[in-house]
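Chemist: what shape does this take:
(one chain, ligands or ions: 1)
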Amino acid sequence: MDAASVATVETHCPYCALQCGMGLRPAAGTGEGASGSVLEVVERTAFPVNRGALCGKGRTAPELLAPGARLTTPLVRDHTTGELVPAGWATALDRVAEGLRRTGARYGRDAVGVFGGGGLTNEKAYALGKFARVVLGTSQIDYNGRFCMSSAAAAQHRAFGLDRGLPFPLADVARTGCVLLVGSNLAETMPPALRYLTELKENGGRLIVVDPRRTRTAEQADLHLAPRPGTDLALALGLLHLVVAEGRTDEEFIAARTSGWPAARAAAMAHWPEQVERITGIPVPQLREAVRLFCDAPASMVLTARGPEQQAKGTDTVGAWINLCLATGRAGRPLSGYGALTGQGNGQGGREHGQKADQLPGYRRLDDPAARRHVAAVWGVEPETLPGPGRSAYELLDALGGEVRALLLMGSNPVVSAPRAAHVEERIRALDFLAVADVVRSETAELADVVLPVAQWAEETGTTTNLEGRVLLRRRAVAPPPGVRTDLEVLGGLARRLGHAKGFPADPEQVFEELRRASAGGPADYSGISYARIAAEDGVFWPCPAGSGASEAAQGASGAVAGASEAVAGAQTASGGPAGPGAHPGTPRLFLDRFATPDGRARFVPVTHRPADEETDAGYPVVLTTGRVLAQYQSGAQTRRVAALNAAAPGPFVELHPRLADRLGIADGEPVAVVSRRGRAVAPARVSAAIRPDTVFMPFHWPGEGRANTLTNPALDPVSGMPEFKVCAVRIERLDGPA
Ligand code: SF4
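Modeler: Residues are numbered from 1 along each chain as shown. Next comes the predicted model:
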C-alpha cells in the first residue's frame, strides 16, 4: 500500500450507522502500526456527531486494510477439484458475465438475482440498482438492509409520508425532556451515541428503556421496562390506553396536525392495562410511571431500534409507538418526535437509491409511472423496459436454486446473517451460479463460483447517509492493494461485457452526480448536495433540492435550518462548486410545519396486538431473542478478523437467567444446545440475572455450530418483509442429554 503518499485524511468509520468521523494517517515510526496496519486512527473532534469518540470497532478498523486480513486476488471455482483457485481479473469477470448471461438466456431475466448490502456507499447502491434493472433487466434485487430497519421505514412512511431514520439531529436527544428508547442497546451497538443520553440526564431529562434484558443501556434508565419479547406492540397500546384514560392526549395537536385518531384511539382502548400486564409481564404501576415520565416532560421522543422492528408485526409495532407520539403531540415539534436508530453503516442511504426491490433512486417507488419516467430518462432507457418490483430479501434468498438460478452478491454474508440460515445456505448451494464481491473470504464467498476481491472504506471515496439523514463523504486515504478493484469498477467491467459500454463509470463522484439527477424531485432529494458541499459543511441533511431552496427549507424547519444556513454561508454552489446564497441549506429537522403526506397531516394507523408468529409450547418452552455485542459487527465477516475484537468477543454464548439455569441444571460456561423448529445451535451458557427467566439471548455474529440464525424464524412482516429475528420458540438441552 502507498502509505508514504497519504497525509491525514478526514473520513468515517466503515461500520455502523452513526458513521463516526475519524482521521486516518500513516502510522508513526516505520509506517506500520503496532497491529501491522499501515494507517492509524486519529480523533476528529470537530465532527459533530461523535466529537472524536470511537468504539473499539472504529479504532481498530485499519487492521482490515492489512493484506493478511483480506482478499487480494480473484478466485474462481475449479470444477475438477471443486476448489476456489486464484485467477486474473479478465478471467473472473468473463466468468461472472457468462454465468449471469447464460442463466438469463436460458430461464428468463428474473432467474438472475442481485443481493446488495446496507454497508455499500450511496454510489454503489445506486449503481447496483441500475445494473440490475438496466443491464440484467431483472426485478430480483434486494439487500440485507431489509433485515435492518425496513419495518421502521414502512411505519414512518405510512404515518409521516416519508422515512428518514431520525427526523432530527442526534444532538436534539440531549435537549429533549424524556426519551423512551425501545429495543436498543446503544451502549453496545454505538457507544459514542450513549453520551447524548448521558447529557439528557445531566440536563434533567428522563430516560425510559424498553428491553427484555437489563443491558448496559437499560442500567442508565430512570425506568426499565422488560417486556416478554414480541409484546412491544401490546406495551405501546397499553401506554396509549393510559394516556387517553388519564387525559394526557394533546387534542389541539391531534385536531390540527393528524388524521385517523378515532380508529387508533378505539384500537388502543381495547387494550386494558391489566390485559397488557398479562401479555407483556410489565406491572400496571410501571406502565403508569412510564406515561407520567413521558407526558410530564415538556418535550419527549420515542426512539426504536431492532427490538420492536425485527418482528413479523414490526411495522404495526413501530406504528403503535408513533401513535403514542402523535396522541401526545410529541411529533413534528422541536425536540419531540419519533425516530428509528438505523443499524448498518449506510442503512439509510442504502435504501434510498435503488437496491431495494420496490424502489428507484431518490426513494421513488418503482410502481409509480412518473418515477419510472424520471429515472428512465436519467438512465437513457424507455420506462417500459424497467422491470417491476421484485421479491423482498428473505423471499429472494428462499427462491435461490428455484426460480432464481444465478446470483450476484455484493457486500453481504447471508450464510450467517439471514434468518433460518441453514436453509438459506442450502438454497445458495443449490444455485447454478454464484458470484460474490467482497473484501474478505466470507462464509458466503466460500460457496461462490467466482469471488471478486474489492476495495474497502479507506481505499475508495464515496458517500454514506447516517442515521440522522446526514449525507457524509468517506474519503479515500490509501490506494487499494494490487489485485483489488472497487465495486464500481466491477460493475463497469460486467456491464461492458454484457453489452453496456457506457453508463457505469468507476469514478464515484461521477456516479454521485448522476445520482443527484436521478433523485431530483424525489422524497430523498440529493440534487443540491455535492462532494464539495459535504466537505465544506461536515455533511448535508436531505432533502436538499438543487437551486432555490432556502425558502422551501425554512418551511418546516426552524432553528436548525438557520444554523445550517449559517454553515453554508461562503461554501460552494451545489452544482459541483460552492453553495451560493440561494442554495438549499438541507433539512436537519423534518415535519415542523407539515408532514410529508398529501394533506400535510400525520396519519394515525389503528393497530392491534397479536402474538408472535411462533409461541412457546411444551416442546419449545423458552423464547429466544437475538442481538449484538460490542466488539462484533453484523455477520462478523470483518470484525472476526481483527485480533483485539476477537479477543474481546471470541464466540457466541447463550445468556439465560439463573432460575432457568437452575431448573435445567445448567452451570455457567457449560456448553448447551438451543433447538428451534429450524435447527440447533451450540454455545456456552452465560448465566445472568439481567435477562427475563422465560427468555434466552444469543448474539448472531458467528458461523458454525453457534450460528444463532440457524434458529431464527423467517416469518415475514406483511408490509415491510422483515423477518422475525427477535422472537422464536426454543428449548435448551444439556449436551449430555435433554434437560
Ligand atoms: Fe464505528 Fe459505529 Fe463504533 Fe462509531 S459507533 S466507531 S461508527 S462502529
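
Chemist: got a list of what the residue of the stretch 101-250 of the chain found nearest the ligand touches?
Modeler: Residue of the stretch 101-250 of the chain nearest the ligand, by Cβ to the nearest ligand atom: residue 190 (4.0 Å). Any C-beta I mention is one placed from the backbone N, CA and C, and that applies to glycine too. Applying Cβ atoms under 8 Å, 6 or more residues apart in numbering, we find residue 190 in contact with 16, 17, 18, 55, 341.

Chemist: from the residues you listed, which two are the most distant?
Modeler: Within the contacts of residue 190, 55 and 341 form the most distant pair, 14.8 Å apart (Cβ to Cβ).

Chemist: between these two, who's got more neighbours?
Modeler: Higher neighbour count among residue 55 and residue 341: residue 341, with 27 against 24, using other Cβ atoms under 10 Å.

Chemist: give me every residue that touches that one.
Modeler: By Cβ under 8 Å, 6+ apart, the contact list for residue 341 reads 17, 165, 166, 184, 186, 189, 190, 193, 303, 304, 305, 467.

Chemist: pretty sure the third one sits against residue 541.
Modeler: No. Using Cβ atoms under 8 Å as the test, residue 166 is too far from residue 541 to be in contact (10.0 Å).

Chemist: quick check: neighbours shared by these two?
Modeler: 468, 469.

Chemist: helix, strand, or coil at residue 301?
Modeler: Classification of residue 301 using DSSP: H, G, I helix; E, B strand; the rest coil returns strand.

Chemist: excluding chain neighbours, give the residue nearest to the residue of the chain found nearest the ligand in space.
Modeler: Residue nearest to the ligand within the chain: residue 58 (2.4 Å; Cβ to the nearest ligand atom). Take residue 58 and drop its neighbours on the chain: the residue closest to it by Cβ to Cβ, 6 or more residues apart in numbering is residue 13, 4.1 Å away.

Chemist: next one, pLDDT for the one you found please.
Modeler: The model reports residue 13 with a pLDDT of 95.

Chemist: could you pull up phi and psi at it?
Modeler: phi -60, psi 150 (degrees, to the nearest 10).

Chemist: again with residue 714
Modeler: Taking degrees, to the nearest 10 as the convention, residue 714 sits at phi -80, psi 10.

Chemist: kindly report the same for residue 491.
Modeler: Torsion angles, degrees, to the nearest 10, at residue 491: phi -60, psi -40.

Chemist: pLDDT wise, what is it at?
Modeler: 98.

Chemist: ok, back up a step: from the contacts of residue 190, which are also near the ligand?
Modeler: 16, 18, 55 (Cβ under 6 Å from any ligand atom).

Chemist: would CSV of those residues with pLDDT, distance to residue 139 and secondary structure be doable?
Modeler: CSV is the format used below for those (pLDDT from 0 to 100; distance: Cβ to Cβ, whole Å; DSSP: H, G, I helix; E, B strand; the rest coil):
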residue, pLDDT, distance to residue 139, secondary structure
16, 93, 30, coil
18, 94, 33, coil
55, 95, 38, coil
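
Chemist: show me the domain layout of this protein.
Modeler: 3-69, 75-147+346-471+483-509, 150-340, 622-734 (automatic domain parsing).

Chemist: poorly predicted segments of this protein, please.
Modeler: For the chain, the stretches with pLDDT under 70 are 1-6, 29-37, 548-580, 737-739.

Chemist: got the contact list for the top helix by length along it?
Modeler: Across the chain, the longest stretch assigned as helix under DSSP state H is helix 89-107. Applying Cβ under 8 Å, 6+ apart, the contact partners of helix 89-107 are 74-76, 87, 111-112, 136-138, 405-406, 408, 432-433, 435, 449-450, 452, 485, 490, 493-494, 497-498.
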